[in-house]
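A.B. asks: Any chance you could fold what I've pasted below:
(2 chains)
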There are 2 protein chains.
Amino acid sequence: MTFPQELERTASAIEQRLGAHLAAVQGAPQSGTALADAMRYAALGGGKRLRPFLLIQSARLFGVDEAHALDAACALECIHCYSLVHDDLPAMDDDAVRRGRPTLHIAFDEATAILAGDALLTLAFEILSAPATHADAAVRAELVLMLARASGWQGMALGQALDLSAAHRAFTPEDTVTMQTLKTGALFRFACEAGAVLGGADGRGRAALTAYAAAFGRAFQLADDLLDAQGDAEAMGKAVAKDADQGKATLVALLGIEGAKARLAGLVAEAEDALAPFGDEAAMLIDAARFVAERRA
Amino acid sequence: MTFPQELERTASAIEQRLGAHLAAVQGAPQSGTALADAMRYAALGGGKRLRPFLLIQSARLFGVDEAHALDAACALECIHCYSLVHDDLPAMDDDAVRRGRPTLHIAFDEATAILAGDALLTLAFEILSAPATHADAAVRAELVLMLARASGWQGMALGQALDLSAAHRAFTPEDTVTMQTLKTGALFRFACEAGAVLGGADGRGRAALTAYAAAFGRAFQLADDLLDAQGDAEAMGKAVAKDADQGKATLVALLGIEGAKARLAGLVAEAEDALAPFGDEAAMLIDAARFVAERRA
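C.D. replies: The predicted structure follows:
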């Protein structure tokens, strides 16, 4: 199977499993509230499911089949979806369109968007800690700890706080990279390390995935910065050239378009090197790094 | 030690331990963001710490000393504090004062309040899943699952969604009780059951605490409704008589003031009965039920 086919197949498996987690609860006093509908709107029907893909492929390197990585991948996707909902709020980035659809606070209302985000964030930990995620409670507890750290006040949430602070001060390219490493890099890292933890990887195996995730995350961001600098709003499905408008200098400003492209190629090579010990088994993850570096949207 | 003294002593222990969890991180790129300060504003310096008190006292019934219940109690308080921050937001209840101080979005700004709430929610699971909370990972994973269920889309978050829906439809007294059971009852239940789980209680022991928590939660709410109906804004430190204004009929409307007081006495008796098997060991928990029933603020 080619990488695009595998990515699409995984996205469909995630969609189905997330849908099952978010299925209407019989007899619950949900009627009269839009909470569950809003959670489904935010979590279902869109997205490349790149983070779940990384988690599932990383787990596969350590002998874990997809069925036993799917719940952890869903938990991670809940965190990603909640972060998009809250980041889009009027008080935050104030975005009206996401994945070509109205954002949640537009489609529903602001209170429902805040609450649905909170509930998706909480659902991530409900899924991750449930026995179905892994037979060993020590693995589940470790995954919870890792995900909380990756997404919390010293991880993704701090990244968003730094991003918001750009309204009040100029960002050097280094500031921007620090912000991006927290805001999006932390979840990529969790995706890859969670796969290793699910498979009982040793220190060396896990370190290889950590190195891959670091290169992958930086490549993802640099490609995003390039798209933002050169971008096409229609292809992106969201507003572009916002970084420069908001006083955030990126690596593209420092290196220039061609320099940034060369750096990007170097990051893809780093990602490949990190997974060299796995040989052909890692082909999908290497294709994923190439994909994010080359994407046009 | 009397109950008020013990409550105050516990609050001080929680304040200290939460402060340690939220201590400034050396070398972190926090500078330039108000996130950590906002989290400390929301979590420190106030509150009776009633939920942590219930958790610590429940754990004590099963032989767990306070030092080994403190982190779980802090995790629970993080959830409570996050819920207050988000409930106070302009899009939600739009409250400007909490515990006699400006609410977080007034003291800082709305984006920071959303983000600090998210980060406190996440921190709860970071604390709960960490090895320091309990030596047995199975206990930690179970506590995470219980807290996620208590606070998520079928627990506290659903309660808040129901509460918001009162703006669009009339609430019968039964609707109000359902909403309250989810919005505040679920965390009281977690507090008491978590104590039992920390102490490795058997089914009967845990069921006794569940029954106590149910009576306690209903007493807490009914006392709140009575205060709201008869209330004194100054003593409450927040706006009163909001329920009737917002079309939410409470049990007080159904039973009348005197009827509600009789029901309240019955709930305290239920709480006492549930803990009868523990004898004098449960005196503090019984005093806590009497306290919430009799409080004037």
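
A.B. asks: I'd like the next helix or strand past the helix or strand A:Ala253 falls within.
C.D. replies: Under the criterion of DSSP states H and E, A:Ala253 resides in helix A:251-274. Sequence-wise, the next helix or strand downstream of helix A:251-274 (DSSP H and E) is helix A:283-294.

A.B. asks: Check whether the longest helix along chain A comes into contact with chain B.
C.D. replies: When chain A is parsed with DSSP state H, its longest helix is helix A:203-230. No: shown here: helix A:203-230 not in contact with chain B (C-beta under 8 Å from any C-beta of the partner chain), separated by at least 15.8 Å. Placement of C-beta: from N, CA and C, glycine included.

A.B. asks: Report the inter-axis angle for that helix versus helix A:283-294.
C.D. replies: 20 degrees (axes from the mean of the first three to the mean of the last three C-alpha atoms, to 10 degrees).

A.B. asks: ok, now which ones touch the residue nearest to A:Gly152 when sequence neighbours are not counted?
C.D. replies: In this structure, A:Gly152 finds its nearest non-sequential neighbour in B:Thr122, 3.8 Å apart by C-beta to C-beta, 6 or more residues apart in numbering or on different chains. When contacts are counted by C-beta atoms under 8 Å, 6 or more residues apart in numbering or on different chains, B:Thr122 touches A:Leu121, A:Ala148, A:Ser151, A:Gly152, A:Trp153, A:Ala157.

A.B. asks: re the thing from before, using PDB, write out every CA atom in the helix holding A:Ala253.
C.D. replies: Coordinates of each C-alpha in helix A:251-274 appear next as PDB, following Å, rounded to 0.1, in the frame of the first residue of the first chain:
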ATOM      1  CA  LEU A 251      12.900  30.600   9.900                       C
ATOM      2  CA  VAL A 252      11.800  31.600   6.300                       C
ATOM      3  CA  ALA A 253      12.600  35.200   7.100                       C
ATOM      4  CA  LEU A 254      16.000  34.200   8.500                       C
ATOM      5  CA  LEU A 255      17.000  31.700   5.700                       C
ATOM      6  CA  GLY A 256      15.000  32.900   2.700                       C
ATOM      7  CA  ILE A 257      12.700  30.700   0.600                       C
ATOM      8  CA  GLU A 258      15.600  28.700  -0.900                       C
ATOM      9  CA  GLY A 259      17.500  28.400   2.300                       C
ATOM     10  CA  ALA A 260      14.400  27.200   4.100                       C
ATOM     11  CA  LYS A 261      13.800  24.600   1.400                       C
ATOM     12  CA  ALA A 262      17.400  23.300   1.900                       C
ATOM     13  CA  ARG A 263      16.900  23.200   5.700                       C
ATOM     14  CA  LEU A 264      13.700  21.300   5.100                       C
ATOM     15  CA  ALA A 265      15.500  18.700   3.000                       C
ATOM     16  CA  GLY A 266      18.000  18.400   5.800                       C
ATOM     17  CA  LEU A 267      15.300  17.700   8.400                       C
ATOM     18  CA  VAL A 268      13.800  15.000   6.200                       C
ATOM     19  CA  ALA A 269      17.200  13.400   6.000                       C
ATOM     20  CA  GLU A 270      17.500  13.600   9.900                       C
ATOM     21  CA  ALA A 271      14.200  11.900  10.200                       C
ATOM     22  CA  GLU A 272      15.400   9.100   7.900                       C
ATOM     23  CA  ASP A 273      18.600   8.700   9.700                       C
ATOM     24  CA  ALA A 274      16.800   8.400  13.100                       C
END
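
A.B. asks: Need phi/psi at A:Gly47.
C.D. replies: Main-chain dihedrals, A:Gly47, degrees, to the nearest 10: phi 90, psi 150.

A.B. asks: Contact partners for it?
C.D. replies: A:Ala11, A:Glu77, A:His80, A:Cys81, A:Arg99.

A.B. asks: ok, back up a step: can you check what angle separates the longest helix of chain A from helix A:251-274?
C.D. replies: Using the same axes, to 10 degrees, helix A:203-230 lies at 150 degrees relative to helix A:251-274.

A.B. asks: Helix A:203-230: how far from the chain's middle?
C.D. replies: 12 Å (C-alpha atoms, centre = their mean, to the nearest Å).

A.B. asks: repeat for stretch A:255-269
C.D. replies: For stretch A:255-269, the distance to the chain centre is 22 Å (C-alpha atoms, centre = their mean).

A.B. asks: ok, and what's touching it?
C.D. replies: So stretch A:255-269 is in contact with A:215-216, A:218-219, A:222-223, A:225-226, A:229-230, A:251-252, A:289-290, A:293, going by C-beta under 8 Å, 6+ apart.

A.B. asks: tell me which of these is nearest to A:Ala43?
C.D. replies: A:Phe216 (23.1 Å; C-beta to C-beta).

A.B. asks: Give me the neighbour count for the closest one.
C.D. replies: The local packing of A:Phe216 (other C-beta atoms under 10 Å in any protein chain shown) involves 29 other residues.

A.B. asks: Can you check the pLDDT for it?
C.D. replies: On pLDDT, A:Phe216 comes in at 98.

A.B. asks: I'd say it and A:Gln57 touch.
C.D. replies: No: with contact defined as C-beta atoms under 8 Å, A:Phe216 does not count as touching A:Gln57 (11.2 Å).

A.B. asks: what's the neighbour count on A:Asp87?
C.D. replies: 22.

A.B. asks: Please point out which parts of the helix holding A:Ala253 sit buried.
C.D. replies: By neighbour count on 16 or more other C-beta atoms under 10 Å in any protein chain shown, the buried set for helix A:251-274 is A:251-253, A:255, A:260-261, A:263-264, A:267-268, A:270-272, A:274.

A.B. asks: Ok, stretch A:92-109 next?
C.D. replies: Quick answer for stretch A:92-109 (16+ other C-beta under 10 Å): A:Met92, A:Asp93, A:Asp95, A:Arg98, A:Thr103, A:Leu104, A:His105, A:Ile106, A:Ala107, A:Phe108.

A.B. asks: Please produce TSV containing those, extended by secondary structure, pLDDT and distance to A:Met39.
C.D. replies: Converted to TSV, these look like this (DSSP: H, G, I helix; E, B strand; the rest coil; pLDDT from 0 to 100; distance: C-beta to C-beta, whole Å):
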residue	secondary structure	pLDDT	distance to A:Met39
A:Met92	coil	95	19
A:Asp93	coil	92	20
A:Asp95	coil	96	19
A:Arg98	strand	92	15
A:Thr103	coil	97	14
A:Leu104	helix	97	9
A:His105	helix	98	14
A:Ile106	helix	97	16
A:Ala107	helix	97	12
A:Phe108	coil	97	10
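
A.B. asks: Looking at those residues, which one is closest to chain B?
C.D. replies: Lowest distance from chain B to the buried residues of stretch A:92-109 (C-beta to the nearest C-beta) belongs to A:Met92, with 5.1 Å.

A.B. asks: I'd say that closest one and B:Asp109 touch.
C.D. replies: No: with contacts counted by C-beta under 8 Å, A:Met92 stays clear of B:Asp109, the gap being 10.6 Å.

A.B. asks: Filter the contacts of A:Gly47 down to the buried ones.
C.D. replies: Of these, these count as buried by 16+ other C-beta under 10 Å: A:Ala11, A:Glu77, A:His80, A:Cys81.

A.B. asks: Show me where the stretch 51-200 of chain A has its strands.
C.D. replies: A:97-98, A:101-102 (DSSP state E, counting those that start in this stretch).

A.B. asks: Now do the SS call for A:Ala11.
C.D. replies: helix (DSSP: H, G, I helix; E, B strand; the rest coil).

A.B. asks: show me what contacts it?
C.D. replies: A:Gly47, A:Lys48, A:Arg49, A:Pro52, A:Phe53 are the contacts of A:Ala11 under C-beta under 8 Å, 6+ apart.

A.B. asks: Pick out whichever of these sits closest to A:Ala24.
C.D. replies: A:Gly47 (21.6 Å).
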